[in-house]
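Colleague: no FASTA, just this:
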């Protein structure tokens, strides 16, 4: 068992190093991805700390009240103090989400280089551009909260409250500036790597247009699963925490519908990642039964997100957009599951083998692929292109 794990880690590190060092553009992209993640996490941590200090000081001064967000106030009759507390907690949650997004972008970007996936690379760059927009919205949110605190409450006893808002604002403006610059560099590197990876993929698959289309669809589906693994999981865990904090588990006999929804949501959250891994296994092995099981679970997941939206709808635009994104991903995943299943048995399976497989498995696949004049899509270094003649 340990030998197999050691061999996997060795193959993983060897191929990762090889793909990262393949060209000056792969090296530059990897460095930039890592640098972006480090800078964003550090600056967002400072911003979170600043917002938390403001929140704690206002609470300690008795100017705001720390209460749950939904179940305790179903009629939305929160006082001004409670509304301010709610808005500040939401601001902190957005900062935490941004930190998690930076970690996801780090993994997604490096994985795109290792797998030489053009679609994944473009998705990473697009998310990076959207993150700039999100960071700019953060600046507006902090300015608004700062003005609200000054308008609705008397000057706090601790002057550091205003200073902490200023610290958060300065870091947010700096973050927007840095990310805007990096976004332009990402677009340039994406274009260069698009040409490099596009040529590599052409060498591996060949000139079969239909096969190329089926491969791109499969890659798009795998990318969709990775987006699900982040956005859906973060939303599920976040809402499960909120439901637990608001004691939904005590609602049986009072509001049975919410209690049942709470239990179902917890179960779906636990099954989310295994379900996505099942879908990946299904598309790689071209197993239609597995795909049908996954589509059923994804349909149930979509219904759960719709219930979450109905239960938590309010004035928090960020949350509404996040839930709508999760619903959209569920729908797109369901549709892509149907489309990729229709391509099973049409010659794509040999190109969908896993990376980092054992030497024994490679030897077996090499014999098969040579006889069929086909080559593994992710093992171009080990399996050169067959002679088209």
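Modeller: All right, it came through fine. Predicted, not measured: the structure shown is a model, and the values here were computed from it.
Colleague: Tell me where the model's unsure across the stretch 101-250 of the chain.
Modeller: Along the stretch 101-250 of the chain, the model assigns pLDDT under 70 to residues 155-163, 198-208, 245-246.
Colleague: those helices in it, which residues are they?
Modeller: For the stretch 101-250 of the chain, applying DSSP state H, counting those that start in this stretch gives helices covering 118-152, 160-205, 209-227, 233-245.
Colleague: correct me, but residue 52 touches residue 93?
Modeller: No: counting by C-beta atoms under 8 Å, residue 52 sits too far from residue 93 to count as a contact (11.3 Å). All C-beta spots, glycine's among them, are computed from the backbone N, C-alpha and C.
Colleague: Residue 296: which of the helices of the stretch 101-250 of the chain is closest?
Modeller: helix 209-227 (15.9 Å; C-beta to C-beta).
Colleague: got the angle for that closest one vs helix 160-205?
Modeller: Counting by axes from the mean of the first three to the mean of the last three C-alpha atoms, to 10 degrees, helix 209-227 lies at 160 degrees to helix 160-205.
Colleague: Which residue would you name as the spatial centre of this protein?
Modeller: Geometric centre of the chain, nearest residue: residue 230, 3.3 Å, by C-alpha atoms, centre = their mean.
Colleague: quick one: that residue and residue 104 touch, right?
Modeller: Yes: in this structure, residue 230 is within contact of residue 104 by C-beta under 8 Å, at 4.5 Å.
Colleague: any shared contact partners between these two?
Modeller: Common contacts of residue 230 and residue 104 (C-beta atoms under 8 Å, 6 or more residues apart in numbering): none found.
Colleague: if we can go back for a sec, please name whichever of the helices of the stretch 101-250 of the chain is nearest to residue 26.
Modeller: helix 160-205 (6.9 Å).
Colleague: what angle separates the closest one from helix 118-152?
Modeller: 170 degrees.
Colleague: which helices and strands does helix 160-205 pack with?
Modeller: Counting by 3 or more C-beta pairs under 8 Å, 6 or more residues apart in numbering; DSSP states H and E, the packing neighbours recorded for helix 160-205 are helix 24-60, helix 118-152, helix 209-227.
Colleague: how's the chain carved up into domains?
Modeller: 19-205, 217-357 (automatic domain parsing).
Colleague: any idea how far the shortest one is from the chain center?
Modeller: What it means is domain 217-357. Chain-centre distance of domain 217-357: 12 Å, with C-alpha atoms, centre = their mean, to the nearest Å.
Colleague: Let the chain start at 43 from now.
Modeller: Yes, from this point I'll number from 43; that puts the last item at domain 259-399.
Colleague: hang on, the earlier thing: would you turn the helices of the stretch 143-292 of the chain into JSON lines with distance to residue 88?
Modeller: Formatted as JSON lines, these follow (distance: least, C-beta to C-beta, whole Å):
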{"stretch": "helix 160-194", "distance to residue 88": "12"}
{"stretch": "helix 202-247", "distance to residue 88": "5"}
{"stretch": "helix 251-269", "distance to residue 88": "28"}
{"stretch": "helix 275-287", "distance to residue 88": "21"}
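Colleague: Could I get those in JSON lines, plus columns for distance to residue 78 and mean neighbour count?
Modeller: Listed next are those as JSON lines, based on distance: least, C-beta to C-beta, whole Å; neighbours: other C-beta atoms under 10 Å:
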{"stretch": "helix 160-194", "distance to residue 78": "7", "mean neighbour count": "18"}
{"stretch": "helix 202-247", "distance to residue 78": "5", "mean neighbour count": "17"}
{"stretch": "helix 251-269", "distance to residue 78": "18", "mean neighbour count": "18"}
{"stretch": "helix 275-287", "distance to residue 78": "19", "mean neighbour count": "17"}
